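1. this one's sequence-less:
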């Protein structure tokens, strides 16, 4: 039995819930306090928001400008999946809504003061080399300040103060864990047809943050959902080689090998190029095609090995056919 395609009404229902969810993210990111722990929670929420927004843009539910759209570009754009997406987004919205309600209990609106502004600029976390989380905390504080500058520009003269000691840290972190699981499901079960577009866009967002190599590594290791961790790996590869891959498509049995190859009997200094700065754009690898991007040190290259394997398989197939 053929599955029913998603209707305009079903897609509109997704868009409505999505817009409400994005407002929940915004409310969470602008709940103000000056403590390390909550800044880390806001960093997690900011990354989850990016994963949600880039997904929404890639599947055609939102324009890059923020305006709603009415497409549903997932692998199986059925009415059933449209309903599941709406329910998933609504569940994320409810969890964030509960967190925002708790923060609102301990929040008051008031006029901004010079003291508030100065406290916000204080660096978060110790800066000693032995304090491993310090880079993450400093970056979390940067996200915290950026979100509130945007809030103050939109609503001048007001700010939110949260007494962090009154908030249940464990419950708030558990809520973000649930949201992370749901965002992962959203990006896995209902992945965009062109997920590479989503990843490329997310990469550009992270690049704007101008993270150091160490900050990028620690962020990817300590926090973030699956999409963010994939983006971190892409950026680490780009920084290591200088290579960029734009609109690459690998389908069917196509294979892409990226990286230098060292034969088991190769002896040398092991020095590699720190940057190649190559751009691979609109590379399509389909059927049994094999693409090797990198240098070969000793022995046969991966491409030679792959060709010999294909030739051997062809000979066996031909021999079997003749025997029959």
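-> Structure's in. What do you need? Computed from a predicted model, the values in this text were never measured in an experiment.
2. okay, residue 162: pLDDT?
-> pLDDT, residue 162: 51.
3. same question, residue 153
-> Reported pLDDT for residue 153: 57.
4. just residue 289 next, same as before
-> 77.
5. burial of the closest residue to it other than its chain neighbours, as a residue count?
-> Spatial nearest neighbour of residue 289, excluding adjacent residues (C-beta to C-beta, 6 or more residues apart in numbering): residue 254 at 4.8 Å. To be clear about C-beta, it is placed using only N, CA and C from the backbone, and glycine gets the same treatment. Residue 254: 16 surrounding residues under other C-beta atoms under 10 Å.
6. Identify each of the helices in the stretch 1-150 of the chain and give its residue range.
-> 8-29, 36-58, 79-105, 114-120, 134-154 (DSSP state H, counting those that start in this stretch).
7. Also the stretch 201-324 of the chain?
-> Using DSSP H, counting those that start in this stretch, helices in the stretch 201-324 of the chain cover 213-222, 226-241, 302-323.
8. Can you point out the buried residues in the first one?
-> By that I understand helix 213-222. By neighbour count on 16 or more other C-beta atoms under 10 Å, the buried set for helix 213-222 is 215, 216, 218, 219, 220.
9. which ones are touching the nearest residue to residue 63 once chain neighbours are set aside?
-> Leaving aside its chain neighbours, residue 63 sits nearest to residue 69 (5.5 Å; criterion: C-beta to C-beta, 6+ apart). Shown in contact with residue 69 (C-beta atoms under 8 Å, 6 or more residues apart in numbering): 15, 60, 61, 62, 63.
10. List the residues that contact the first one.
-> Residues in contact with residue 15 (C-beta under 8 Å, 6+ apart) are 61, 62, 68, 69, 70.
11. May I ask which two of these are separated the most?
-> By the measure C-beta to C-beta, 62 and 70 form the most distant pair in the contacts of residue 15, at 10.2 Å.
12. So for these two, which residue has more residues nearby?
-> Using other C-beta under 10 Å as the criterion, residue 62 and residue 70 rank with residue 62 on top: 22 against 11.
13. ok, the more buried one - contacts?
-> Counted by C-beta under 8 Å, 6+ apart, residue 62 has contacts 15, 18, 53, 56, 68, 69.
14. Distance check, the third one against residue 210.
-> In other words, residue 53. 20 Å (C-beta to C-beta, to the nearest Å).
15. Can you get me a residue count around residue 300?
-> Quick note: residue 300 (other C-beta under 10 Å) scores 13 neighbours.
16. Looking at the contacts of residue 15, which one is closest to residue 81?
-> residue 61 (12.9 Å).
17. Wait, that closest one touches residue 18, no?
-> Yes. Contact criterion C-beta atoms under 8 Å: residue 61 and residue 18 qualify, at 5.8 Å.
18. which neighbours do those two share?
-> Joint contacts of residue 61 and residue 18 (C-beta under 8 Å, 6+ apart) are residue 68.
19. The residue nearest to residue 289 is in contact with residue 283, isn't it?
-> No. Counting by C-beta under 8 Å, residue 254 sits too far from residue 283 to count as a contact (10.0 Å).
20. Identify the contacts common to these two.
-> residue 291.
21. re earlier: next one: the residue nearest to residue 289 from residue 227, what distance?
-> 23 Å.
22. Could you do residue 239 as well?
-> 19 Å.
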